[in-house]
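Asker: could you look at this predicted model? Sequence included:
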Amino acid sequence: MDKTTNGWLSGFAGMLIFSGSLPATRLAVQSFDPVFLTVARATIAGSLGLLLLLVFRETRPERRDLLPLVVVALGVVVGFPLLTALALRHVSAAHAVVFIGLLPVATAIFGVLRGGERPQPAFWLFSALGSAAVAAFALRHGIDASPFGDALMLAAIVVCGLGYAEGARLSRHLGGWQVISWALVLSLPLMLPLAWWTRPASFDGVGAAALWGLAYVSLFSMLIGFVFWYRGLALGGIAAVGQLQLLQPFFGLLLAGVLLHEQVPPSMIIVTMIVVACVGGARHFSRAAPARRAV
């Protein structure tokens, strides 16, 4: 299997894992404060990441990697989880999840700025069409949504796109699981005391669904998903593999319908087919066009 195909398969696995993040967060914030949920998931995943680094005796990152790792931590360990948890206090998971369709554009832009990638112009056309389809779907079925919740989701998309691109760039020489583990460990000295300080006065009223939600976002969304996702971005290209997230809203909507009994509109099938076509087109034009040989 060639490197690009391997990258797309790894990215697809990561996207599937991330698809459950917003529905799981929605379950968790029904019993947990958004701030506690953010720091608790980072503390749990950071403790596991530290254990992995110690067991496999990974060498410490070089000094030049520390600032990019801080950017990763601020983007995907703190920023995106906190902003989405706050947003889900105002909007449903089925509405919030469609904003994930804007992540490929944000990731591709930061992939150009930070990763040095140069997709062909047609790539941006397919990426914009896919994002437009997702945005139109959101507007069509989210008229009653909270503007404040939508603003929080848009901010989450920006910081997450930066964290994805920066983490993928680091993964090329540090490794996928090592990047997210080091980012989690860097944030652990802050997250651990905050988790203790913001903990609920009592866990007696916390339901099983909220605990399962916390477990999922801590183990899968915060750690395991990134093992596949950063590997996919590093092997297949940040801009290209990032387009797989156009599919994430629809897998997330299916999960929201099954787990949370939220309404899933039939038009989702049509929009999903359009998005799949756009992902295919974006993949085809994700690499820079070969230079023409002089005659």
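Answerer: Cool, got the structure.
Asker: and Gly75, what is it in contact with?
Answerer: The contact partners of Gly75, taken as Cβ atoms under 8 Å, 6 or more residues apart in numbering, are 159-164, 166-167. For glycine as for every other residue, the C-beta is placed from the backbone atoms N, C-alpha and C.
Asker: how much space between it and Ala208?
Answerer: 31 Å (Cβ to Cβ, to the nearest Å).
Asker: quick check, nearest of the contacts of Gly75 to Gly115?
Answerer: The shortest distance between Gly115 and any of the contacts of Gly75, using Cβ to Cβ, involves Glu166 and amounts to 8.5 Å.
Asker: poorly predicted segments of the stretch 101-250 of the chain, please.
Answerer: Filtered on pLDDT under 70, the stretch 101-250 of the chain yields the residue ranges 138-139, 141-145.
Asker: re the thing from before, top of the contacts of Gly75 by neighbour count?
Answerer: Using other Cβ atoms under 10 Å as the neighbour test, the contacts of Gly75 are led by Tyr164, with 31 neighbours.
Asker: any idea which element it lies in?
Answerer: Assigning secondary structure by DSSP states H and E places Tyr164 in helix 147-174.
Asker: helices or strands next to that helix in the packing?
Answerer: Using 3 or more Cβ pairs under 8 Å, 6 or more residues apart in numbering; DSSP states H and E as the contact definition, the elements that helix 147-174 packs against are helix 63-72, helix 80-87, helix 93-96, helix 103-115, helix 176-197, helix 225-236, helix 238-242.
Asker: buried sites along it?
Answerer: 149-150, 152-153, 155-171, 174 (16 or more other Cβ atoms under 10 Å).
Asker: need the winner for burial among the helices and strands packed on helix 147-174.
Answerer: helix 238-242 (a mean of 31; mean count of other Cβ atoms under 10 Å).
Asker: of all the helices and strands packed on helix 147-174, which lies closest to Ser286?
Answerer: Across the helices and strands packed on helix 147-174, Ser286 has its closest neighbour in helix 238-242 (3.3 Å, Cβ to Cβ).
Asker: how far off centre is that closest one?
Answerer: Relative to the mean C-alpha coordinate of its chain, helix 238-242 is positioned 13 Å out (Cα atoms, centre = their mean, to the nearest Å).
Asker: and the residue lying closest to Gly236 once chain neighbours are set aside, how many neighbours?
Answerer: Of all residues beyond its chain neighbours, the one nearest Gly236 is Gly7 (2.6 Å), with distances taken as Cβ to Cβ, 6 or more residues apart in numbering. Using other Cβ under 10 Å, Gly7 has 20 other residues around it.
Asker: Gly7 sits in which helix or strand?
Answerer: Counting by DSSP H and E, the element that carries Gly7 is helix 3-19.
Asker: and Phe123, by the same measure?
Answerer: For Phe123, the enclosing helix or strand under DSSP H and E is helix 121-141.
Asker: what comes up buried for that helix?
Answerer: Judged by neighbour count using 16+ other Cβ under 10 Å, the buried positions of helix 121-141 are 123-124, 126-127, 129-131, 133-134, 137-138, 141.
Asker: now render these as CSV, adding distance to Pro81.
Answerer: Output for the buried residues of helix 121-141, formatted as CSV (distance: Cβ to Cβ, whole Å):
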residue, distance to Pro81
Phe123, 29
Trp124, 29
Phe126, 29
Ser127, 25
Leu129, 29
Gly130, 25
Ser131, 22
Ala133, 26
Val134, 21
Phe137, 24
Ala138, 21
His141, 25
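Asker: ok, and what's touching the helix holding Phe123?
Answerer: With Cβ under 8 Å, 6+ apart as the test, helix 121-141 has contacts from 94-95, 98-99, 101-102, 104-105, 108, 239-240, 243, 246, 249, 265, 267-268, 271, 274-275, 278-279, 281-282, 284-286.
Asker: ok, now stretch 25-37?
Answerer: Applying Cβ under 8 Å, 6+ apart, the contact partners of stretch 25-37 are 40, 81-82, 84-86, 88-89, 92-93, 96, 194-195, 198-200, 205-207, 209-210, 212-214, 217, 221, 256, 259-260.
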